[in-house]
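Colleague: Got a predicted structure plus its sequence, pasted below:
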Amino acid sequence: FKGENSFSGQVYTAWTVTNAFTLAGSTAWNAGGGVDTDWNTEANWSLGVPGAAAQADFLSAAKKATVTAAATTLAVGTVSVQTGGALTFDLGSDTTLGATTMFVGTNTASALTLASGALAVGNGGLAAGLGSSITLNSGSRVSTGSLRLSGTSTKVLVSGGASLASSGMATFGGASSGITVQTGGVWNATNITLSSGPAAVVIDGGVATNTGSLYLGNNASGSYGDTLLVQNGGRFRQVGSAVQVAVKQSAVIMAAAGGTFEAASNISLGTGSDWGSPGYLIASNGNISVGGTVYVCADARYHTQHFFVYEDEGLTTSVNVAGSVVLGRGSAAAGDPGNRNNVFGVFGGDVAIGSSLIIGGTKAAATNNALKVKGASTHLTAASLAVTNQSRLVFSVDNSGFATVPVSISGNVNIDGTTQLEIDAAARTQKGVVTLVESTGGAFVSSIPSGNITVTGRGGYRVEVLQTGGLALKFTVLGTLLRVL
């Protein structure tokens, strides 16, 4: 290269560039125009190999890039896959993208694939939007700071044999956005927020572990239906702080088809700064394990929260709660919904509650909460039972003659006089006995008036509430007549 005096036309100096340069601005990948696929080859870029402050652009669907890298560190500022571009990293060794931020789909749906090797994204994190996709193939490993998905139908797929580690906040903020972890895939997260439904985390046979916070339905103005689904033998381990479902909008956690959801601490349905929408915790032929307490409506500004347990014939459902299950927790201010209309429904499976089953809480505004039990294969155990504040006990029984509602309380039972007791007995002509509660050793207190007892189906059933151990008190209902024996 020669410099020339523009006035006299005389050459005043000359120099030669012998080394490739790295750019501090923006440079685009030249698919088809380069000599190979190596990131560090100058001819592969429009303006040279990107430097530590540069932006590396992959700009066109027609210029799909497969990039290899012999170096273990790519000193680039930002990687941007846009205008429908598609970038595949095929790395033979562990590779670090310096302190970069990686954007996928900054203005048009685009695709990033890690075909092999390990890629470490720097402090800026990994972001995708506008229907873009990030795919980790078998044998690949990605670690990033934050993980941010926005825009409709933006997806992350962790294939079997692949792993993803997100050390910052993982945010799913676009409708129908989400992550799927397939069988053999692994996702290790630090904090997870679903904030614009219906966003979804699907653990489809894979394993996910979250060591920090977990929020679902965390957007007051967002759509409804954020979902965390664990199925097909998958496992989600929440080993960090408490789980909050339906923080501001409706959301669901569901363990199905042999999936397992584990929470080391509490699970709260309906909690946050705004009046909320329904939240759901569901075990359906799956397993839920809780190290703390399940609050079915944790805040007085919420109501109509649900904890449901189902089991189909020939399959198994298991729910273990080390603490209590509480329907109706908080006190209500003027105008607040007041923890009403929450339901704990057990329609099959084994449910073990290590401490108390509390229906209605202790606040007068927490009304019309319900425990519903149905199914010959159902087994519900708890250390104590308290029913207050116009709550309902609803038991459905079959016509096997002497049908026992499968609720076993090992300690104290207290049912106040406002409780509505409903027995849905199957139609039959012969008389039968329905045992509601058996208490082995605890005090039994009930002040249910006969007018609050409803027996449906064709008559002939005798409904009993028993205590075995201590004083043998028997409360028997014949029609609408309450007798103490």
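Modeller: Right, received. Where do you want to start?

Colleague: First-to-last residue distance for stretch 242-258?
Modeller: Using Cα to Cα, to the nearest Å, the end-to-end distance of stretch 242-258 comes out at 23 Å.

Colleague: residues of it that come out buried?
Modeller: 242-258 (16 or more other Cβ atoms under 10 Å). (Glycine included, C-beta is placed from N, CA and C.)

Colleague: quick one: contacts for Gly345?
Modeller: His306, Phe307, Phe308, Val309, Ala370, Lys372, Val373, Lys374 (Cβ atoms under 8 Å, 6 or more residues apart in numbering).

Colleague: Is it within a helix or a strand, and which one?
Modeller: In this assignment (DSSP states H and E), Gly345 forms part of strand 343-347.

Colleague: Spell out which strands sit alongside the following helix or strand past that strand in the sheet and which way each one runs.
Modeller: Next helix or strand after strand 343-347 toward the C-terminus (DSSP H and E): strand 349-359. Its sheet considered, strand 349-359 pairs with strand 318-321 (parallel), strand 325-327 (parallel), strand 378-387 (parallel) by DSSP bridges.

Colleague: contacting residues around the very next helix or strand once past strand 349-359?
Modeller: Note on strand 349-359: by DSSP H and E, the next helix or strand toward the C-terminus is strand 370-374. By Cβ under 8 Å, 6+ apart, the surrounding residues in contact with strand 370-374 are 327, 341-347, 357, 359, 380, 387, 391-396, 405-407, 424.

Colleague: Is there a quick PyMOL command that grabs whichever of these are buried?
Modeller: To isolate the buried members of those in PyMOL, using 16+ other Cβ under 10 Å:
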select buried, resi 327+341+342+343+344+345+346+347+357+359+380+387+391+392+393+394+395+396+405+406+407
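
Colleague: Next, the contact list for Leu157, please.
Modeller: Leu157 neighbours (Cβ under 8 Å, 6+ apart): Ser133, Ile134, Thr135, Leu136, Ile179, Thr180, Gln182.

Colleague: Show me what the fifth one bridges to in the sheet.
Modeller: Judged by DSSP bridges, the bridge partners of Ile179 are Val156, Val201.

Colleague: burial of the nearest residue to Gln182 once chain neighbours are set aside, as a residue count?
Modeller: By the measure of Cβ to Cβ, 6 or more residues apart in numbering, the closest residue to Gln182 outside its immediate chain neighbours is Gly160, 5.0 Å from it. By other Cβ atoms under 10 Å, 16 other residues sit near Gly160.

Colleague: what's the spacing between Gly160 and Asn210?
Modeller: Computed as Cβ to Cβ, to the nearest Å, the Gly160 to Asn210 distance reads 20 Å.

Colleague: Same check on Asn137?
Modeller: 23 Å.

Colleague: what stretches of the stretch 201-350 of the chain score poorly on pLDDT?
Modeller: 219-224, 272-276, 298-303, 329-339 (pLDDT under 70).

Colleague: element containing the closest residue to Thr66 other than its chain neighbours?
Modeller: Leaving aside its sequence neighbours, Thr66 sits nearest to Thr88 (Cβ to Cβ, 6+ apart; 4.6 Å). Assigned by DSSP H and E, Thr88 belongs to strand 86-97.

Colleague: List of residues touching that strand?
Modeller: Under the criterion Cβ under 8 Å, 6+ apart, residues 29, 37, 58, 61, 64-74, 76, 79, 81, 104, 110-122 lie in contact with strand 86-97.

Colleague: Derive a ChimeraX selection command for the buried subset of those.
Modeller: Selection of buried members from those for ChimeraX, criterion 16+ other Cβ under 10 Å:
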select :29,37,58,64,65,67,68,69,74,76,79,81,104,110,111,112,113,114,115,116,117,118,119,120,121,122
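
Colleague: Which of the contacts of strand 86-97 fall within strands?
Modeller: 58, 65-67, 79, 81, 104, 111-121 (DSSP state E).

Colleague: looking at the strands paired with strand 349-359, which is buried most?
Modeller: strand 325-327 (a mean of 28; mean count of other Cβ atoms under 10 Å).

Colleague: can you list the residues that contact that strand?
Modeller: Counting by Cβ under 8 Å, 6+ apart, 293-297, 307, 339, 342-344, 353, 356-361, 366, 369-371, 382, 391 sit against strand 325-327.

Colleague: Let's see that with 7 Å instead.
Modeller: 293-297, 307, 342, 344, 353, 357-361, 369 (Cβ atoms under 7 Å, 6 or more residues apart in numbering).

Colleague: quick one: which of those residues is most hemmed in?
Modeller: Cys297 (35 neighbours).

Colleague: Report how many residues lie close to the residue nearest to Thr66.
Modeller: Counted with other Cβ under 10 Å, Thr88 comes out at 20.

Colleague: any idea how far it is from Gly129?
Modeller: 19 Å.

Colleague: the helices in this protein, which residues?
Modeller: With helices called from DSSP state H, the chain shows none.
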